[in-house]
Structure formats: structure tokens, C-alpha cells
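Asker: sequence first, then the predicted structure, then my questions.
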Amino acid sequence: MGTGAVYLTLSNLKNHPDFLTKVEIVFFCLNIILFVTNSTILLLQLVLFRQQFVRLVLDPVKGVFVPLIVLSFATIIIGIINYLVVPGHLTFEFVYVAFWIYIAFALMVCIPMLMIWFNSSHDIKTFTPAWAFLVFPLMLVGIVAINVLRVFPLLDPRAINVLLVGYIFQGLGFFVTFFYLTLYILRVMTTGFLEGHQANGAFVACGPPGFTALALIKLGEASRVILPQFGLVSETAGEVFYATAVMGSLMLLGLALFFFVFGVIPYWFKVHKHLNEILGCWALTFPNVGFVVTFRALGDVFQSQLFWTAHAVFTYSICALFVILFSLTIFAIVRGEVLFAKEKDLWADIMPEEQKRLTDNAASFGTDTVSTLDIVHLGGRKLSVDGFSEVDLEKGERRPYANI
């Protein structure tokens, strides 16, 4: 998502040199490569290490990040619109189909994950705004919709479907995530600012108001054309939708900026500066895209140089942050700090029949039932039975302790 954040913000610059388009296309291609790679790895994990995949989905912390694959797909759709549909390489029919595919994908991932996550209790003292990632893909339907409407003929009756569905899902996503934001304030009041890896999650709170502000402005612009054209609601409905959207966007931008400052000020003093937590730092990029691009949209509405300048400053800051995080992530991978499974996780995926064989061998010597994790922690496949002998569970032999 951090890769997508770069070209999503760069593409909206007011002063946009031609060479930036080539830079954006490079990041767009890199985003596709990362998406395909991550999807392949998850698929291989499901096939080869099924228990680990199940643990990932059921984990109350790691499980909330599963829907992020849908967000990556959203950035790819927007990239397709910017660099393939706008230049004329693909038709608007393609993105109309992609819009409905995205909705299906979001529902297929988010609904089961929400059911799994809410099936168990969670402590408010461990709350982080990152838990809202479970709903983010549904909220971003509105963002995908406004990009589809940029290239889709607004006089086509199907544009009504895109507009209304965009409003519905944007409302669903924003209000559900807003409930999460209230819990975030309660958490901070209870335990103080987030610490460690959770300090990165504080920036996720900028996402719901920022993306909703952007979606409202752009959906309002489309409403000015679509609603009067088809005689829907009333003659002035389009203008009312648009005017209300602009006012609401200004207010939501203020909320997003509050959460941004709320996360920035204590960040350096609260975050753990360890390479093994570098992946969590990527939360500093994508959630901020919404309010950053909103600056550009409001700048166009009010012809305000202040908004355009703010957008440019935040955009280049995100680009600089990407370079820093990308370099540190590569360094962490080289050092084996991230992406490598722990030994206990590998042993936990041992085949059931192997587990049974080792346990049966242990039982035949009068030992208690033993798990493969216990064996690993004792340093190999040998289990100490008493102070005088050991059992080699692999061979099923008892040996005098002195001979081991």
C-alpha cells in the first residue's frame, strides 16, 4: 500500500511535470509485482503450511491485516484508470466490471474476517486504530467509485449505480470506522499514547475522515451532473449534494489533521526503534493519502494556493518517507529480521501423523504426551524422562543419560 500511496499522491499534484507520470508508472508496476508476490506467498502458505495460515487468520493481532490485500487491489484499479484507461489503452467498460469485482472481493474478505474477529472478546487496553483495517476495504468502495466516474460517461444510466453504491459503502465504512475512532480516544484516555509497534497504528485514524472527505467531494461533483440529467430527487438535488459534500469535507479534513498531529507529536518517543518492527511503520503512508489528496480537491473548489501547497508538501513528504522505509525494510530482510518464520512456527506445521508417531513413542516409555514444540524447546528430538535416562523419540530408544 505504501507503493500505491506514492503514485496516488503524485498523480494529483497541481503542477505536474511530464516526467512524474513515468515515475508513477514505475511505482504502479512495482505495486502490481508486490501484489502478485504477496498473493502467491499467501496461497502457498495456505497449501503448504495450512495450520500457519489458519493461525494467521484467527490471530487477533495479525488477522486484522488480512483485508489489506483488498486495499492493494483498490490501488491497482486506480492505477489502471490513471495509466491505461485515461491514455486510451483500455475502455471504461473494463473499469466498470473491475468496480463490481472489487466490491465482491471486499465483501468476500471483510465479512468472514469480521465474523471471526468479533467471535472473541478483546481488551480495550490493547486497542489500536489498526483494528479498523477490517472495514477499510468496504470504505474504499467510495474511492474506487469516484475514480471510475472520472472516466465513465456520466450520461450512461449505469453511472447511477456506481454513484449510489459509492455513497452507500462510503457511509457504511466511515460510520463503522468512526466507532473504532471513539474507542481509540477511550484507549488513549485509559492508558495514554500508544507505545511500541502500536504507535504506528495511530496514523490509521487519519484514514476514515480523510478518505471520506475526498469521496464526498468527488461524489458530489458527479451528483451535479447525474442527478439532474436523469431527473432524480429534485431539480436542485445535485447542487445540494455538492454543497453539502464540500462543507462536510472541510470538517472531516479538520478531524483527519487532528488525528495526524495526535499521532506525530508522541511518535518518536513511543515507537520501538527495532528493525523487526519496520513493517508496521508502513502505516505512516497509505492512511494519510485520503486527507493529502483532499487538500488538492478543496484547493480546486476554492482556488486556494494554500491547499495546493499543503498537498504538495505532504506529497513529497510521503515520497521521502517511502524511500526511508523501503531502504530500512530491505536492510531488515537482509538481516533476517522480517519475513522469516520462527522455528516454533515451522515445527507447529509438522504433519499430524509425524506428531502422533513421536507421541506414541514417548508414551511407550511411560512419558507424558509431548508436543513437537516441547521437543524443539528441549533441543532436538530427545526428551528427558528422568534424571538417569533419555528417550530418543525419533528412534524410540531409551539411553543412559551419561551416554547422551
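Answerer: Great, that's in hand. Residues are numbered from 1 along each chain as shown.
Asker: tell me the buried residues in stretch 226-239?
Answerer: Going by neighbour count (16 or more other C-beta atoms under 10 Å), the buried part of stretch 226-239 is Ile226, Leu227, Pro228, Ala237, Gly238. From N, CA and C alone the C-beta is placed, and that goes for glycine too.
Asker: with stretch 38-46 instead?
Answerer: Neighbour counts over stretch 38-46 (16+ other C-beta under 10 Å) mark Gln45 as buried.
Asker: Gly2 and Leu284: what is the separation?
Answerer: Look at Gly2 and Leu284: by C-beta to C-beta, to the nearest Å, they are 8 Å apart.
Asker: quick one: common contacting residues for those two?
Answerer: Taking C-beta atoms under 8 Å, 6 or more residues apart in numbering as the contact rule, the neighbours common to Gly2 and Leu284 are Leu325.
Asker: between the two, who's got more neighbours?
Answerer: Shown here are Gly2 and Leu284; by other C-beta atoms under 10 Å, Leu284 has more neighbours (26 against 22).
Asker: next, the contact list for the residue nearest to the more buried one when sequence neighbours are not counted, please.
Answerer: Nearest in space to Leu284, with sequence neighbours left out and distances taken as C-beta to C-beta, 6 or more residues apart in numbering, is Phe203 at 5.2 Å. Applying C-beta under 8 Å, 6+ apart, one finds that Phe203 lies in contact with Pro129, Phe259, Phe260, Gly263, Ala283, Leu284, Pro287, Asn288.
Asker: for the protein, which segments count as strands?
Answerer: Ranges of strands in the chain, per DSSP state E, are 382-384, 389-392, 397-400.
Asker: rank these by pLDDT, which is bottom?
Answerer: Here the lowest mean pLDDT among the strands of the chain goes to strand 382-384, at a mean of 44.
Asker: and the closest residue to Glu239 other than its chain neighbours, how far is that from Glu235?
Answerer: Once flanking residues are discounted, Glu239 sits nearest to Arg224: 6.3 Å by C-beta to C-beta, 6+ apart. Using C-beta to C-beta, Arg224 is found at 12 Å from Glu235.
Asker: likewise for Val271?
Answerer: Taken as C-beta to C-beta, the span from Val271 to Glu235 is 54 Å.
Asker: I'd say Phe295 and Gln305 touch.
Answerer: No. Between Phe295 and Gln305 there is no contact, the gap being 11.3 Å when judged by C-beta atoms under 8 Å.
Asker: which one's more surrounded, those two?
Answerer: Neighbours per residue (other C-beta under 10 Å) separate Phe295 from Gln305, with Phe295 holding more: 28 against 10.
Asker: what about the residue nearest to Glu239, neighbour count?
Answerer: Around Arg224 there are 18 other residues, counting by other C-beta under 10 Å.
Asker: need the contact list for it.
Answerer: The neighbourhood of Arg224, defined by C-beta under 8 Å, 6+ apart, consists of Gly238, Glu239, Phe241, Tyr242.
Asker: the last one - nearest residue in space that isn't next to it in sequence?
Answerer: Leaving aside its sequence neighbours, Tyr242 sits nearest to Gly220 (C-beta to C-beta, 6+ apart; 3.8 Å).
Asker: and for that neighbour, the neighbour number?
Answerer: 24.
Asker: now Lys273
Answerer: For Lys273, the number of neighbouring residues by other C-beta under 10 Å comes to 7.
Asker: mind checking how far it is from Ala283?
Answerer: Between Lys273 and Ala283 the distance is 16 Å, computed by C-beta to C-beta.
Asker: where does the chain dip in pLDDT?
Answerer: For the chain, applying pLDDT under 70 flags the ranges 1, 339-404.
Asker: who wins for most neighbours among the contacts of Phe203?
Answerer: Busiest of the contacts of Phe203 [other C-beta under 10 Å] is Pro287, holding 32 neighbours.
Asker: isn't that residue right up against Val204?
Answerer: Yes. Between Pro287 and Val204 there is a contact at 4.8 Å, judged by C-beta under 8 Å.
Asker: hang on, Leu232 packs against Ala159?
Answerer: No. Contact criterion C-beta under 8 Å: Leu232 and Ala159 do not qualify, at 11.4 Å.
Asker: tally of neighbours for the residue lying closest to Ala130 once chain neighbours are set aside?
Answerer: Nearest residue to Ala130 in three dimensions, chain neighbours excluded: Gly201, at 3.8 Å (C-beta to C-beta, 6+ apart). Gly201 sits with 23 neighbouring residues when counted by other C-beta under 10 Å.
Asker: list the contacts for the closest residue to Asn12 other than its chain neighbours?
Answerer: If the residues on either side of it in the chain are set aside, Asn12 comes closest to Arg296, at 4.6 Å by C-beta to C-beta, 6+ apart. Taking C-beta under 8 Å, 6+ apart as the criterion, Arg296 is in contact with Asn12, Leu13, Lys14, Phe307, Trp308, His311.
Asker: go on, Met139?
Answerer: Taking C-beta under 8 Å, 6+ apart as the definition of contact, the neighbours of Met139 are Phe169, Gln170, Leu172, Gly173, Phe174, Val176, Thr177, Gly207, Pro208, Phe211, Thr212.
Asker: if we go to 6 Å?
Answerer: Taking C-beta atoms under 6 Å, 6 or more residues apart in numbering as the definition of contact, the neighbours of Met139 are Gly173, Phe174.
Asker: care to break the protein down by domain?
Answerer: Taking automatic domain parsing as the domain assignment, the ranges for the chain are 2-340, 344-403.
Asker: looking at the ones you listed, which is buried most?
Answerer: A comparison of the domains of the chain by mean neighbour count, using mean count of other C-beta atoms under 10 Å, puts domain 2-340 on top with a mean of 18.
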